[in-house]
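[1] Quick one, fold the following:
(5 chains, ligands or ions: 4)
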Amino acid sequence: GGSSNPLSSAPATGGASTGSGGALVVGSADFPESQIMAEVYAGALNAAGVTASTKPNIGSREVYFKAVQDGSVDVIPDYSGNLLLHVNKDATEVSAEDIAKALPAKLPDGLAVLDASKAEDKDAMVVTKATAEKYQLKSIEDLAKVCSEIVVGAPATFAERAYGLPGLKKNYNCVPKKLEPFSDGGGPLTLKALLSDQVQVADIFTTTPSIADNDLVVLEDPKNNFIAQQVLPLYNKAKMTDKAKDALNAVSRILTTDDLINLNRAVSGTQKQNPKDAAAAWLKDKGLAK
Amino acid sequence: MDWFLANSGQVFTLAGQHLALAVLPMVFGLLISIPLAQVARQSKALRSVVVTASSLLYTIPSLALFIILPTIIGTRILDPLNVVVALTIYAVALLVRAALDAFDSVDEDLRQAAVAMGFKPVARFLQIDLPLSLPVMFAGLRVVSVSNISLVSVAALLGIGNLGMLFTSGLQRDFVTEVVVGIIAILILALLMDAVLVLLERLLTPWTRAGAAPGAVAARPHAGSGASPEKTGPAAAAMRLSDAQAGGGGA
Amino acid sequence: MSNVITDTFDWLADPAHWAGAAGVPARLAEHLQYTGLVMLIATAIAIPIGLYVGHTGRGRVAVVALAGALRALPTLGLLTLFVLLAGIGLMPPIWALVILTVPPLLAGTYAGISSVDRNVVDAARAMGMTELQVLFRAEFPNALPVMFGGFRTGVLQVIATVSVVAYINLGGLGRYLFDGLVLSDFPQMLGGSLLIAGLAIAVDLVLALFQRLFLSPGASSQSNRSRQAAVDLTDPVTAEAVVKGGMS
Amino acid sequence: MAEAMIEFQSVTKRYQGGQPAVDDLTMSIDQGAITVFVGPSGCGKTTSLRMINRMVEPTSGTITVGGEDVTSVPAARLRRSMGYVMQSSGLMPHRSVLDNIATVPRLNGVSRTDARRRAQELLEVVGLAPSLGKRYPSQLSGGQQQRVGVARALAADPPVLLMDEPFSAVDPVVRDELQKELLRLQRDLAKTIVFVTHDIDEATVLGDKVAVFGVGGKLAQYAAPEEILRAPANDFVASFVGRDRGFRHLAFSPSDGVTIHEVSTLTPAELEHDGGPPDGNWNDGWKLVVDAGRRPLGWAGPGRATGAGPVMVPGGSLFRKGETLRRALDAALSSPSGLGVAVDAEGRVAGVIQAAEVLAVIEAGRRVRQGAL
Amino acid sequence: MAEAMIEFQSVTKRYQGGQPAVDDLTMSIDQGAITVFVGPSGCGKTTSLRMINRMVEPTSGTITVGGEDVTSVPAARLRRSMGYVMQSSGLMPHRSVLDNIATVPRLNGVSRTDARRRAQELLEVVGLAPSLGKRYPSQLSGGQQQRVGVARALAADPPVLLMDEPFSAVDPVVRDELQKELLRLQRDLAKTIVFVTHDIDEATVLGDKVAVFGVGGKLAQYAAPEEILRAPANDFVASFVGRDRGFRHLAFSPSDGVTIHEVSTLTPAELEHDGGPPDGNWNDGWKLVVDAGRRPLGWAGPGRATGAGPVMVPGGSLFRKGETLRRALDAALSSPSGLGVAVDAEGRVAGVIQAAEVLAVIEAGRRVRQGAL
Ligand SMILES: Nc1ncnc2c1ncn2[C@@H]1O[C@H](COP(=O)(O)OP(=O)(O)OP(=O)(O)O)[C@@H](O)[C@H]1O
Ligand SMILES: Nc1ncnc2c1ncn2[C@@H]1O[C@H](COP(=O)(O)OP(=O)(O)OP(=O)(O)O)[C@@H](O)[C@H]1O
Ligand SMILES: [Mg+2]
Ligand SMILES: [Mg+2]
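    Ligands and ions are numbered 1, 2, ... in the order given. The predicted model follows:
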């Protein structure tokens, strides 16, 4: 977005006016995992006595980041690497530690992040077993050789993200034949397209249960195109209390990548659990709520 | 069904939000269109300006409008107000035309009779034009109601709470049940709104259901009586509305 | 604000946005192609049924009820449902749009036929036309202006609504809206909106010209006269025809 | 009699600068009388009428009502002081009949109860059942609607009533009734009525005076209807008045001078045993067949006994005593016997009249008029 | 004269099981004549007419045309063998006037050029300018549209013409014209015409025979118009025929026996120098003022010399030689002098007639009819 983006011109001061009595709004991005994490945060907050509601499905980072900035939502689960790249396009950090270190300074005034969890969910280049065999693919480096023949299925943002087409080109000199955009955040459409060979490579989150379920191959990323992505809360300082911070930090201390995969399976797998219920079950299980 | 039962609370919450987002624009639209139509009736030029503008407004995709609006009115991106304003704009686009037709549907002779009886303009508007335009106005409202309820779901793409969320979520989770529940819920909502409007109209226009006296027809000039014993098709003049609307760009 | 507008024009003026598979010409072509496909299928379904119902008056109640119910269907929901059920590809979204386009076309056809002066129909029958001749020589030509009006409305609606197929993975000008949305690229969205609105206006102009050139002036002047008649919006069928698109 | 109630002084009306719709009209309308504007379509009748209550403003000239220039009164108040009835009844479909009638009193600030009470009375005045008050206008027949329209115009008891083709949309039978009703009302209430019609017959029936407008909004003749039929001012009026004006003019001559002769009557029972015409019967053997109440049934023709004709032939039109020469002559002309049947108010046979004698009365009347010239 | 062309045999029509719209109708319609169905609204005229071309199917009974049961022919073909004209012209708005007229020939397989040529001829037959052929119906006046409707009905030269109130939507002047035109056409083409109207005057003007329908779809009287005016079969017909039927009936009596007397005439110039009535003038001193072409201008009254009256008074209605007794009597009745002015075909004064003499001719006619009974 340019300087003309209406989202950036939205008044940051508006945030204080929405809430009353310290009630927090937990937002989420437009894919299920984010929604689950939002429910987890909200559940943990409520359990700790901080009134919190959720505002799911806001959109991509470009949208929800502004929403946190202007106070439309107070907290949102985010991923450390991408968040850093969002606030600093030229960031070179790749490891979890470096990113965690660099991040706070780069955030604009009024925004901050809490402790990062161990749970990680990055974008990954995924192919079917058949494709992997056909082209002898193990890593993205292998992919680079046949790049011009393949179609990549990914969210439309992939075209502009540092790890997306620019990153592929920069790190692997891979320019795919075509980017087929999907709006389901690596969900069923992307999967269907991959399985039916409409796309040969898909951008699917590593925590997606369907990777295991369908025997998909996650291509290795030796050049760290996809940098570390720890789940962590991004928040607007205006309404955040210590009590709330403690509650969220408690979640981050416990949350693991496997937890994420299981939560995703509960919601998007055959069980079709409501994100809120899945979150509640997890919190209860971990003793963070009753 | 199981899913619906398990999540009925959520569905009802979304339905409530959905309804609010659909109804408010209708109310605002009505409050804006009636005076606007009354002004547009003053001259042919004004009328065609209003009519053309309303058809142009309608060619703007709603998603675009939802997003453009914050720049223009200074709201925040997630503010449901954007949806309300956008849908109000669509409602006005439809209702101005409906209101124009509604006022046109008031018998000119009757208006003249009112003038001849010594009604002043405001009294005439309130006591004659407004009540008598109700049937056509309600027809317009019913159209807007259905179209609004359907349009609101688009706002789910922006994360503004309503039944459309069931579609986005259903898509991401590959969950047909959720989508079907969403569709059915929206249909039911539309039907309920329609029923409410019909009921309201019945309450407000008792005279329209007073059956014509057997001899009342004789008041018409002899012309045409019995000339077409076949069924007389419903007047299709209303096509004008959509027709002229479509023609807005061509005018 | 002025930034927004200049940026939008910059976006539109950028030659990079006018080339390649994601360029405006390609998107425009896709958009028109989808629109044409939807209109073709919807017309093929709606016109015969509309003619039948309009001519015989049979099934009017069913058509009205069905049209009303279909009209309340949310585009987004239908689209999602079809894609989930039938998978990605061109046809599922197209069918979803067809279902949404049939009601207004059907209502327009029906309203067109029944707007023809019953005396004209009566006279045609009295002259010894067979039922088919009555339909195609008397009713149809005179219904054309109204029917064509319905068709034009339908086209506009589809042009606006086709944008939504970009939510699935199809192309069309709607792509600019969705890509712009996820990237928060405001000029791209506004540019896309302008392109869609412009396309709608341009297509409507062409259709208007077509109408002027090819429809009988006698028939149109007839419908002009009937247009001056009081509008019976209270009739569900005619009110139906008023429904407009603009959903994206 | 006539004091002037409404005066047009050199009134001209042009719409949007075109040809004049009303051209230099000067006329004065009598108080307490019915003045009819008649003329072909588009000749400016409605325009003239509407200038009286300022629904249309004249381009030039002045109009006074009761001596006051109409422009000196606010338009709305002026209009409330005049009743207005038009072709389409103009009733408000969303209000009950009573409330329709009560409209102007309500505008004048009369309380709802009083206005309704007055409306209820008026229903009777215009000959409608009181129970109709609660209905909506659409539940009335066309004729009833027009009566309500008249009642509404009368509600505020205005001295002036403007009526624009009030009866032209109802069928002929109902129209006759409404015309009679209007004449009766006028007798009782003595309003100043200006009545527009395009039907010269209606004009001659209703008008105390008739103004014939010509094309281009010019007043062609303004006189009593009798005079317009007898002596149209010019060819336009003559052709507008149309055929049969000699005969129709007879409607203005009383039949006082016509002798009613005795007639031999039979009952149907007597007819069966009747031997046919006695010789030398002055009436060619015709006898009038009557029922037990002496109401005429038909004529027994002279051929009945010989079998040369039907036993009874239908009679002609009836002449009610006191009616005009027009009816008298027609009764005589339409009778198979050449004798018009005269009946009394109850419809009983009073005697017969002869065409020649009617003609003589007509002729005498003509000479009297001639002498008066 | 008349051979039967169309026959109704005990035809009854009930719509949706209600009261009969047409009740047990038996009548036969003469070939080459105009038969008029007349009656109040809703009495089944249109229904009866439409059963002839099977636009409506009878509930019971049979209808034959030219001896053939109408149900034995496919409906579409039957209809093509009959012209049909209705109140709203029913012209197809999307086709030019010529193409409208050519419709039935085209349906019958005539080539477009031939059909258009024929249509062009027909324009003239119905009295329209050939140039109108290229217009669309909406570009014609109501009267012109009706003429086109008639032309269209005539296009395939069908032996039978069905006309349903064809002239009732046009104004009175145009209606007169169209009626004359129809009579002229009928003289030339000798079609069998069934004509529906609710206007008894139109019925008597046009009909060779008139069928009066009563409420409930019953045929009340079926006879020559002259007879219906003279001897209505019952009270219903009498009241439907209405007022003045004695007078109107005179329209069926030729004025042959009426003596035309000489009259003394003056030109306006002579009138100025005229010394007034010579003594002993049989005519009370009235003189007829004529222009240079001997066309009547008015009457110079007897009072003119003494200043007791206007110099010239307008004349009455004119009696054209060869017209009926109705016009003769009216001319005499409407004349200020008591003398009806008779003119020849060119409008020149032929003489004067006296009311009493007209009456004598009427009386003589009555006796002749009586004798014939
Ligand atoms: N509001 C108007 N604007 C322009 N011209 C008008 C208007 N009202 C009437 N006219 C014209 O003025 C002339 C007189 O019209 P007016 O209505 O007074 O005639 P009318 O005698 O009442 O006719 P009708 O018998 O048809 O009612 C007509 O030529 C008409 O076209
Ligand atoms: N299609 C129909 N369905 C039901 N009833 C009908 C139909 N057509 C006519 N009728 C009824 O049949 C009766 C006769 O109608 P018809 O049209 O023949 O009368 P008409 O004499 O032509 O009257 P008008 O002078 O009004 O044209 C009326 O009572 C009418 O209501
Ligand atoms: Mg008028
Ligand atoms: Mg009829």
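[2] So what's the residue count around the residue of the stretch 51-200 of chain A found nearest ligand 4?
    Closest to ligand 4 within the stretch 51-200 of chain A is A:S183: 64.4 Å, counting by Cβ to the ion. Every C-beta, even on glycine, is put in place using the N, C-alpha and C of the backbone. With neighbours defined by other Cβ atoms under 10 Å in any protein chain shown, the count for A:S183 comes to 24.
[3] Sketch out the low-pLDDT regions of the stretch 1-150 of chain D for me.
    D:1-2 (pLDDT under 70).
[4] middle-most residue in chain C, spatially?
    In chain C, the residue lying closest to the centroid (Cα atoms, centre = their mean) is C:G154, at 1.5 Å.
[5] would you say that one is within a helix?
    Yes - assigned with DSSP: H, G, I helix; E, B strand; the rest coil, C:G154 falls within a helix.
[6] so the residue of the stretch 51-200 of chain A closest to ligand 4 makes contact with C:I168?
    Yes - using Cβ atoms under 8 Å, A:S183 is in contact with C:I168, at 7.4 Å.
[7] and stretch C:23-35, average pLDDT?
    Stretch C:23-35 comes out with an average pLDDT of 92.
[8] Contacts for it next, please.
    Stretch C:23-35 has contacts (Cβ atoms under 8 Å, 6 or more residues apart in numbering or on different chains) with C:12, C:17-18, C:20, C:93-94, C:97, C:155, C:158-159, C:162-163, C:165, C:170-176, C:195-196, C:199, C:203.
[9] about what we covered before: overlap in contacts, A:S183 and C:I168.
    A:L189.
[10] D:E57: how many residues sit nearby?
    Quick note: D:E57 (other Cβ under 10 Å) scores 12 neighbours.
[11] ok, now B:L65?
    23.
[12] Pull the contacting residues for it.
    Here B:L65 is in contact with B:A86, B:I89, C:S193 (Cβ under 8 Å, 6+ apart).
[13] again with D:S96
    D:S96 neighbours (Cβ under 8 Å, 6+ apart): D:G133, D:K134, D:R135, D:Y136.
[14] got it, and A:T241?
    A:G22, A:V50.
[15] residues touching the residue nearest the centre of chain A, list them.
    With distances taken as Cα atoms, centre = their mean, the residue of chain A nearest its centroid is A:Y79 (5.1 Å). A:Y79 makes contact with A:D121, A:K122, A:Q229, A:Q230, A:V231, A:L232, according to Cβ under 8 Å, 6+ apart.
[16] and which of these is nearest E:L189?
    Of all those, A:D121 has the smallest distance to E:L189: 94.8 Å, by Cβ to Cβ.
[17] one step back: from the contacts of B:L65, which is closest to E:V358?
    E:V358 has its nearest neighbour among the contacts of B:L65 in B:I89, at 81.1 Å by Cβ to Cβ.
[18] Report pLDDT for that closest one.
    Looking at B:I89, its pLDDT is 90.
[19] Nearest residue to it in space, ignoring adjacent ones along the chain?
    Counting by Cβ to Cβ, 6 or more residues apart in numbering or on different chains, B:I89 lies nearest to B:L57, which is 5.9 Å off, once chain neighbours are set aside.
[20] Starting from ligand 4, give me the distance back to the one you found.
    According to Cβ to the ion, to the nearest Å, B:L57 and ligand 4 sit 48 Å apart.
[21] What are the phi and psi values at that residue?
    Per-residue torsions, B:L57: phi -50, psi -40 (degrees, to the nearest 10).
[22] same check, this time on D:V11
    According to degrees, to the nearest 10, D:V11 has phi -90, psi 130.
[23] is it true that it touches D:P20?
    No - if you go by Cβ under 8 Å, D:V11 and D:P20 don't touch, sitting 10.0 Å apart.
[24] Show me which positions of the top helix by length along chain C end up buried.
    Longest helix in chain C by number of residues (criterion: DSSP state H): helix C:24-56. Residues of helix C:24-56 classed as buried by neighbour count (16 or more other Cβ atoms under 10 Å in any protein chain shown): C:24, C:26-28, C:30-32, C:34-35, C:37-39, C:41-43, C:45-47, C:49-55.
[25] For stretch A:39-47, which outside residues touch it?
    Taking Cβ under 8 Å, 6+ apart as the rule, stretch A:39-47 contacts A:24, A:26, A:51-54, A:75, A:77, A:233, A:244, A:247-248, A:250-251, A:255, A:263, A:275-276, A:278-280, A:282-283, A:288-290.
[26] Counting only helices, which of those make the cut?
    Among those, the members falling in helices (DSSP H) are A:244, A:247-248, A:250-251, A:263, A:275-276, A:278-280, A:282-283.
[27] Report the contact partners of B:P25.
    Counting by Cβ under 8 Å, 6+ apart, B:P25 has contacts B:V84, B:V85, B:A86, B:L87, B:T88, B:Y90, B:A91, B:N148.
[28] What strand or helix carries it?
    Assigned by DSSP states H and E, B:P25 belongs to helix B:8-40.
[29] Please report the distance of the closest residue to chain B within chain D from D:R184.
    Across chain D, the shortest distance to chain B (Cβ to the nearest Cβ) belongs to D:G142, at 2.3 Å. Here D:G142 is placed at a distance of 20 Å from D:R184 (Cβ to Cβ, to the nearest Å).
[30] Can you name the residues in contact with stretch A:133-150?
    Counting by Cβ under 8 Å, 6+ apart, A:125, A:127, A:131-132, A:168, A:171-177, A:199-201, A:217, A:219-223, A:225 sit against stretch A:133-150.
[31] got a list of what D:E181 touches?
    D:E181 sits next to D:V126, D:G127, D:R147 when contact means Cβ under 8 Å, 6+ apart.
[32] Just flag the most distant two among the contacts of A:Y79.
    Most distant of these, by Cβ to Cβ, are A:K122 and A:L232, 13.6 Å apart.
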